[in-house]
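>>> Turn this into a model:
(chains A and B)
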2 protein chains.
Amino acid sequence: MRIIIDCYGGDYCPAEAVAGAVAALDKLPDLSVILTGYADELNALLQGYKYDKGRLEVAAATEVITNSDSPAKAVMRKKDSSTVVGLNLLKEGRADGMVSSANTGALLVGGSIILGLSEGVTRAALCPVLPNAKGTYTILADGGANIDCRPEQLGEFAVMGSVYMREMFNITSPAVGLLNNGAEPEKGNDQTKAAHKLLTGIQGINFVGNIECRDLLTGAVDVIVADGFNGNIGIKASEGMGSVLFGLIKEGIMQGGLRAKLGYILLKPVLKKVKNKMSSDDVGGAVFLGMKKVLVKTHGSGKKQAFMNAVIKAYGMAKGRVPEKIEQGLKYR
Amino acid sequence: MRIIIDCYGGDYCPAEAVAGAVAALDKLPDLSVILTGYADELNALLQGYKYDKGRLEVAAATEVITNSDSPAKAVMRKKDSSTVVGLNLLKEGRADGMVSSANTGALLVGGSIILGLSEGVTRAALCPVLPNAKGTYTILADGGANIDCRPEQLGEFAVMGSVYMREMFNITSPAVGLLNNGAEPEKGNDQTKAAHKLLTGIQGINFVGNIECRDLLTGAVDVIVADGFNGNIGIKASEGMGSVLFGLIKEGIMQGGLRAKLGYILLKPVLKKVKNKMSSDDVGGAVFLGMKKVLVKTHGSGKKQAFMNAVIKAYGMAKGRVPEKIEQGLKYR
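Numbering: from 1, shown residues only, chains lettered A, B, ... in the order given. From the prediction side, this is the model:
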């Protein structure tokens, strides 16, 4: 199994991307990797590591797509960027999957155009795989890539998310919920009302009905189907609440005198564990679903751990043949 | 200033509603209240309190609107419910505002029909007033009442929210943000793109642009404008994250042995303060904006404190003549 790692575009690139790639090689004996980016810089960084040279190669690129680049233009014009070079290698069958922390829009556009969409897929979805309170994971399809979706697209997301959870987590019949403003079947806006009807009729998925956004992180379902606009609102609201709460706790400790500081020292392992549990570093980023090849997005602020986990995730998706199974799953129509 | 308290419909009604009403009388010397509901039960409860009898009266009702009632039907058929009796008294000018913890939909329909909408208002908004990390408040307009809003309605919400923050918090020029999936002006779905243009042109409001949902609770703006569907998603996601985090912290403490338990005892005041700060009890519920009279919604699970704060809020809105000023504010068109 060979995974490409786009070593540029993220906040801590290329150093943390390289560190993550090497760490993944350590974890998975049958993994090999291709690092894309400035060859001199990558080779210099690699000198700091011990690794099996037969399992790692560098594919040179001379440009980087930045977050301020317009996605479509960047993909068209920066043909020799670490991202486009990687996508082309993947398309040519030189690898089984790719990981990147670069511009999400460029990955969406580049992946959709260069890799192509699976048969039956209208638009690729960007799906965060969220840790939940049960200690398992929930996939959100879509988490922000697709705005103003038609109900049929939400149907595709349901199938794609179900395939992912089945293959990656061995869940025989993943529970699918539709993100809505109420749990009752008659609730919703025009889009979700239509989607609810449509989802009820899709064979091969386990649609359990509407769910409210307070269940985003409770593990009530395995797959949450949403228009990317709403998925984005839900994710960002959760992140916001998390950061506000931890910020207020920190502030309270600073102002709380010796008692609070001592309490914090004692409780620190618990607080840290909770923070880590709900952090995205552990999760290995979001996955694009609906493209013909495996593409995993690492958070722009991801470090070694995030890259390593993303590589492991891409490896698992390639082994589980997720893109092929999505194509099969969409043959219900 | 006279405020009606609908003493039925919430989880802890009527006892906590009565307790909150009496507590509000204690706080505000020029307040008087009318309690609506089963007269015998209310009078029996009132015997447990000391209060100025000249400032409290009971208006008898013989029915209750429940949360399982269909809003429109309930308003039409349960004419002698504590809610409809209260709304009619308010309409007749017997009071200056009303507080209720009953069925939100029934309050929205009942308030819109019985009280009527202010001139220039297409639909009343239900606006939670959210505590934020800065220690101030942010109003979310709309928080769930209106689905599939037209951009012009979002414009009305911006004006209504601005008037509220100006009158209630003495903010001369409240900053208005449009809830969106990205901060850049060109971001959004069809609805928010159109709303962004429209908000830019409204005179008398301080529109600062799009905001992402991670700023729902940071206090980045004073007024957040949103379609009720998205507002609902944001609020529920925040609530969900809050409850998941506190749940995980609790779980960690239970499993963390003596050290964690001791840490918790020391840190408890801080954690409790944070929880209270972000809780809705302190806030006094959500307000309906756009109706001809003041109507405040207390959370269905609200207790004494929540009712008292809601009464104080209704009192402040009536004093500040919020409905009249919304009507003036909407004359920009």
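
>>> Would you mind confirming that A:S173 is in contact with A:G204?
No: the pair A:S173 / A:G204 is not scored as a contact, 9.4 Å apart, by CB atoms under 8 Å. From N, CA and C alone the C-beta is placed, and that goes for glycine too.

>>> which ones are touching the closest residue in space to A:T136 that isn't next to it in sequence?
Leaving out its chain neighbours, the residue that sits closest to A:T136 by CB to CB, 6 or more residues apart in numbering or on different chains is A:G219, at 5.5 Å. If you count contacts by CB atoms under 8 Å, 6 or more residues apart in numbering or on different chains, A:G219 has them with A:N132, A:A133, A:K134, A:G135, A:T136, A:T138.

>>> Let me know the pLDDT of A:G219.
What the model reports for A:G219 is a pLDDT of 95.

>>> so where is the stretch 151-300 of chain A shaky, pLDDT-wise?
With pLDDT under 70 as the threshold, the stretch 151-300 of chain A has low-confidence stretches at A:280-284.

>>> how does it look with 80?
A:278-285 (pLDDT under 80).

>>> which residues of it fall in strands?
Taking DSSP state E, counting those that start in this stretch, the strands of the stretch 151-300 of chain A run over residues A:175-179, A:206-211, A:223-225, A:286-289, A:294-297.

>>> From the contacts of A:G219, list just the buried residues.
Buried by 16 or more other CB atoms under 10 Å in any protein chain shown: A:N132, A:A133, A:T138, out of those.

>>> For the last one, pull up the helix or strand it's in.
Remark: A:T138 resides in strand A:137-141, with elements defined by DSSP states H and E.

>>> Looking at the strands of the stretch 151-300 of chain A, which is nearest to A:G97?
Evaluated with CB to CB, those place strand A:294-297 nearest to A:G97, the distance being 3.3 Å.

>>> Which neighbours in the sheet does the closest one have, and how are they oriented?
If you go by DSSP bridges, strand A:294-297 pairs up with strand A:97-100 (parallel), strand A:286-289 (antiparallel).

>>> Can you name the next helix or strand after it?
helix A:304-319.

>>> List the contacts of whichever strand or helix holds A:I4.
According to DSSP H and E, A:I4 maps onto strand A:2-6. With contacts defined as CB under 8 Å, 6+ apart, strand A:2-6 is touched by A:17, A:20-21, A:24, A:31-37, A:59, A:82-83, A:86, A:89-90, A:94-102, A:307, A:311, A:314-315, A:318.

>>> Counting by contacts, list what the longest helix seen in chain A packs against.
Ranked by residue count under DSSP state H, the longest helix found in chain A is helix A:228-255. If you count contacts as 3 or more CB pairs under 8 Å, 6 or more residues apart in numbering or on different chains; DSSP states H and E, helix A:228-255 packs onto strand A:125-131, strand A:137-141, strand A:175-179, helix A:257-277, helix B:228-255, helix B:257-277.

>>> Just give me how far the third one sits from the chain centre.
It stands for strand A:175-179. Centroid separation for strand A:175-179 versus its chain: 18 Å, with CA atoms, centre = their mean, to the nearest Å.

>>> That strand pairs with which strands, and in what direction?
With DSSP bridges as the test, strand A:175-179 pairs up with strand A:206-211 (parallel), strand A:223-225 (parallel).

>>> and among the strands paired with strand A:294-297, the most buried is which?
Mean neighbour counts were taken over the strands paired with strand A:294-297 using mean count of other CB atoms under 10 Å in any protein chain shown, and the top value, a mean of 31, falls to strand A:97-100.

>>> Take the strands paired with strand A:294-297 and lay them out in JSON lines including distance to B:S243.
Output for the strands paired with strand A:294-297, formatted as JSON lines (distance: least, CB to CB, whole Å):
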{"stretch": "strand A:97-100", "distance to B:S243": "33"}
{"stretch": "strand A:286-289", "distance to B:S243": "24"}
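
>>> Among the ones you listed, which comes closest to B:N181?
Ranking the strands paired with strand A:294-297 by proximity to B:N181 (CB to CB) places strand A:286-289 first, at 14.7 Å.

>>> who in the stretch 101-250 of chain A is up against chain B?
Proximity of the stretch 101-250 of chain A to chain B is confined to A:132-133, A:144, A:147-148, A:179, A:181, A:188-190, A:192, A:212-218, A:227-230, A:232-245, A:247-249 under the rule CB under 8 Å from any CB of the partner chain.

>>> Now do A:P128: how many residues are near it, please.
24 (other CB atoms under 10 Å in any protein chain shown).

>>> what bridges to it?
Judged by DSSP bridges, the bridge partners of A:P128 are A:A286.

>>> Just to check, it is in contact with A:I235?
Yes: the pair A:P128 / A:I235 is scored as a contact, 6.3 Å apart, by CB under 8 Å.

>>> what do the two both touch?
A:L140, A:G143.

>>> rewinding a little: generate TSV for the helices and strands packed on helix A:228-255, with distance to A:G116 as supplementary columns.
Converted to TSV, these look like this (distance: least, CB to CB, whole Å):
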stretch	distance to A:G116
strand A:125-131	15
strand A:137-141	19
strand A:175-179	26
helix A:257-277	36
helix B:228-255	32
helix B:257-277	49
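
>>> which residues touch stretch A:158-172?
A:121, A:125, A:127, A:129, A:136-137, A:139-141, A:173-174, A:176, A:178, A:199, A:202, A:204-207, A:222-225, A:287, A:289-290, A:313, A:316-317, A:320-322, A:325-326, A:329-330, A:332.

>>> Produce a PyMOL select command limited to the buried residues of the residues you listed.
Only the buried entries of the contacts of stretch A:158-172 go into this PyMOL selection, using 16+ other CB under 10 Å:
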select buried, chain A and resi 121+125+127+129+137+139+140+141+174+176+178+199+202+205+206+207+222+223+224+225+287+289+290+313+316+317+320+322+325+326+329+330
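
>>> in chain A, which residue is closest to the centre?
Nearest to the mean C-alpha position of chain A, by CA atoms, centre = their mean, lies A:A286 at 0.5 Å.

>>> How about A:N88: what's its closest non-neighbour residue?
A:N88 sits nearest to A:I114 (CB to CB, 6+ apart), 6.3 Å away.

>>> I'd say the one you found and A:L89 touch.
No: A:I114 is beyond contact range of A:L89, at 10.1 Å (criterion: CB under 8 Å).

>>> Where do the domain boundaries of chain A fall?
A:1-121+A:290-333, A:125-282 (automatic domain parsing).

>>> What is the neighbour count of A:N43?
Look at A:N43: counted by other CB under 10 Å, it has 13 neighbours.

>>> Which helix or strand contains it?
According to DSSP H and E, A:N43 maps onto helix A:39-46.
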